[in-house]
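**Student:** Fold the following for me, if possible:
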Amino acid sequence: MANVHEGIGDRLRRFIEDQVVFFVGTAPLADDGHVNVSPKGAKGSLAVLDEHTVAYLDFTGSGAESIAHLRENGRITLMWCSFGDRPDVVRVHGRGELVFRDDPRWEELIGHFPAVAELPGARAIVVVHAMRVSDSCGYSVPFLEYRGERDLLVQYFGRRDEQFHVDYVERKNAVSIDGLPAMPLPLPPRPA
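**Tutor:** Numbering: from 1, shown residues only. Model (predicted):
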């Protein structure tokens with residue numbers, strides 16, 4: 001049974017910040033729409049802003065399901081599970097708010113991600129306002145060994161110019177698989 005907390009206290013914050021991967025769950029309103037779960041985890045791309053707010057830097061990928069669902073209804077769940085000695089699972093259920101590169105809040109929020117802020121492919125910051133914070137046992141979660149960060153996204157977008165990124169987003173991130181609007185077009189430029 002889950003333990004429900006009033007917010008993200010120090011113990012949960014340390015646990016969240018120690019994990020190298022987390023998962024994002026979103027869904028459209030339509031009964032026949034596709035539920036989406038996405039792994040996230042570039043080191044330094046997540047920040048606990050306060051006891052009720054978490055943010056992560058979202059990078060361009062082969063789809064934009066989470067962004068489309070957040071634009072439609074704002075519902076989001078973040079989940080962390082320990083693959084190490086401590087068998088914990090933490091979930092934050094909340095309302096997600098999208099901050100795109102042309103939003104005046106971008107400059108302030110991007111400062112929470114100094115290790116990854118300049119990586120190519122950053123397309124949005126997702127701010128999650130927690131409505132429910134819980135933890136539970138992860139007794140059946142296997143032990144896994146962290147071997148390091150992948151640099152494939154950096155290599156892929158790093159050897160191309162910004163126009164390639166803009167074209168890629170227009171081709172692959174404009175709508176969800178259910179036809180919902182995802183990334184706003186034209187893609188806002190990278191801040192100077």
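
**Student:** show me what contacts residue 61?
**Tutor:** 38, 173 (CB atoms under 8 Å, 6 or more residues apart in numbering). C-betas here are computed from N, CA, C, even on glycine.

**Student:** Check what contacts stretch 46-55 and list those residues.
**Tutor:** 6-9, 13, 16-17, 22, 40, 56-57, 78, 92, 94, 109, 112-113, 125-130.

**Student:** so where does the closest residue to residue 93 other than its chain neighbours fall, helix or strand?
**Tutor:** Excluding the flanking residues, the one nearest residue 93 by CB to CB, 6 or more residues apart in numbering is residue 132, at 4.1 Å. Here residue 132, judged by DSSP states H and E, is contained in strand 122-137.

**Student:** What residues sit buried inside stretch 47-62?
**Tutor:** Judged by neighbour count using 16 or more other CB atoms under 10 Å, the buried positions of stretch 47-62 are 47-48, 51-61.

**Student:** What is the longest helix of the protein by residue count?
**Tutor:** helix 162-172 (DSSP state H).

**Student:** Alpha carbons of that helix, as CSV, please.
**Tutor:** Provided in CSV are the C-alpha atoms of helix 162-172 (Å, rounded to 0.1, in the frame of the first residue of the first chain):
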residue,chain,number,x,y,z
GLU,A,162,19.2,24.4,-35.9
GLN,A,163,17.3,24.3,-39.2
PHE,A,164,17.6,20.5,-39.2
HIS,A,165,16.1,20.5,-35.7
VAL,A,166,13.2,22.7,-36.8
ASP,A,167,12.5,20.5,-39.8
TYR,A,168,12.7,17.4,-37.7
VAL,A,169,10.2,18.7,-35.1
GLU,A,170,7.8,19.8,-37.9
ARG,A,171,8.0,16.3,-39.5
LYS,A,172,7.9,14.1,-36.3
